[in-house]
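Peer 1: Provided below for reference: sequence and predicted model.
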Amino acid sequence: GAVVSQHPSRVICKSGTSVKIECRSLDFQATTMFWYRQFPKKSLMLMATSNEGSKATYEQGVEKDKFLINHASLTLSTLTVTSAHPEDSSFYICSAKGTGASTNEKLFFGSGTQLSVL
Amino acid sequence: GENVEQHPSTLSVQEGDSAVIKCTYSDSASNYFPWYKQELGKGPQLIIDIRSNVGEKKDQRIAVTLNKTAKHFSLHITETQPEDSAVYFCAASPPYNQGGKLIFGQGTELSVKP
């Protein structure tokens, strides 16, 4: 299957600072990537859809000015949590849609980033 | 829009037994149904998927069945092993969703006891 790399795996930051999370498709090009948020023992909540070269589409209730998404290339999307606060602490996961004969239309997930805001 | 319900929320089985997790979906237009396994602190891993033109798919100890009429699909794990312990998510993807956006079920925490 396709490989999606996500970094960092864990980050601790002070309240008010910004944190950037990177998501890379290592062996395929991803025109579409998705960013999810997950609370303990809960399902994945879609935050936004990231399309290469265009603005991200945010789900209802997700603040686009707080969660900045950039998808500048076919292999990289970034999520920046701006002015982080303790309530932003969560597990953030990216996914990328596969392209290719065996992975077409399948979604592959990164390993996630545990964000803790003090 | 699409809604996916998953049951049970927790499932405990003895090693070697079978485990079955069931999901129902609401949008008859959905045509792609993947299953993911998530271990603690990690991202979900695609373990098997099925498309609406197929009724059953099997990969070693894992199988998925789809009943389009009833709008439900199930994950079957045979000869369970302790390493199968994880949270499993089903998902559905309506064709009109942007770029293949998935709608997830609530998850099932599977525990396989040695």
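Peer 2: Here it is on my side, so go on. Residues are numbered from 1 along each chain as shown, chains lettered A, B, ... in the order given.
Peer 1: so does the strand or helix carrying A:Ser77 get close to chain B?
Peer 2: In this assignment (DSSP states H and E), A:Ser77 forms part of strand A:76-81. No: judged by CB under 8 Å from any CB of the partner chain, strand A:76-81 and chain B are separated, with a smallest distance of 12.3 Å. For every residue, glycine as well, the C-beta is placed using N, CA and C.
Peer 1: State the paired neighbours of that strand in the sheet, together with their directions.
Peer 2: Paired with strand A:76-81 in the same sheet, following DSSP bridges, are strand A:19-25 (antiparallel), strand A:67-73 (antiparallel).
Peer 1: Deepest in the core, which of those is it.
Peer 2: strand A:19-25 (a mean of 21; mean count of other CB atoms under 10 Å in any protein chain shown).
Peer 1: residue contacts, residue 64?
Peer 2: Here I'm looking at chain A. By CB atoms under 8 Å, 6 or more residues apart in numbering or on different chains, A:Lys64 lies in contact with A:Ala48, A:Ala56, A:Tyr58.
Peer 1: sorry, should have said chain B
Peer 2: B:Phe33, B:Trp35, B:Ile48, B:Asp49, B:Ile50, B:Glu56, B:Lys57, B:Lys58, B:Phe73, B:Ser74, B:Leu75, B:His76.
Peer 1: B:Val87 is in contact with B:Gly105, correct?
Peer 2: No: the criterion here is CB atoms under 8 Å, and B:Gly105 misses it with B:Val87 at 10.7 Å.
Peer 1: okay, these two: which has more neighbours?
Peer 2: Each of B:Gly105 and B:Val87 has its neighbours counted (other CB atoms under 10 Å in any protein chain shown); B:Gly105 has more, 25 against 20.
Peer 1: Could you report the distance from that one to chain A?
Peer 2: B:Gly105 is 7 Å from chain A, where distance means CB to the nearest CB, to the nearest Å.
Peer 1: pLDDT value on that residue, please?
Peer 2: In this model, B:Gly105 is scored at 96, pLDDT.
Peer 1: try the one 4 residues further on
Peer 2: Among the per-residue scores, B:Glu109 holds a pLDDT of 97.
Peer 1: hang on, isn't it packed against B:Leu40?
Peer 2: No: applying CB under 8 Å as the test, B:Glu109 and B:Leu40 come out as separate, 10.2 Å apart.
Peer 1: Which residues are in contact with each of these two?
Peer 2: The contact sets of B:Glu109 and B:Leu40 overlap at B:Ala86 (CB under 8 Å, 6+ apart).
Peer 1: filter the contacts of B:Val64 to the buried ones?
Peer 2: B:Phe33, B:Trp35, B:Ile48, B:Asp49, B:Ile50, B:Phe73, B:Ser74, B:Leu75, B:His76 (16 or more other CB atoms under 10 Å in any protein chain shown).
Peer 1: tell me which of those residues is nearest to chain A?
Peer 2: Distance to chain A, by CB to the nearest CB, is smallest for B:Asp49 among the buried ones among the contacts of B:Val64, at 6.5 Å.
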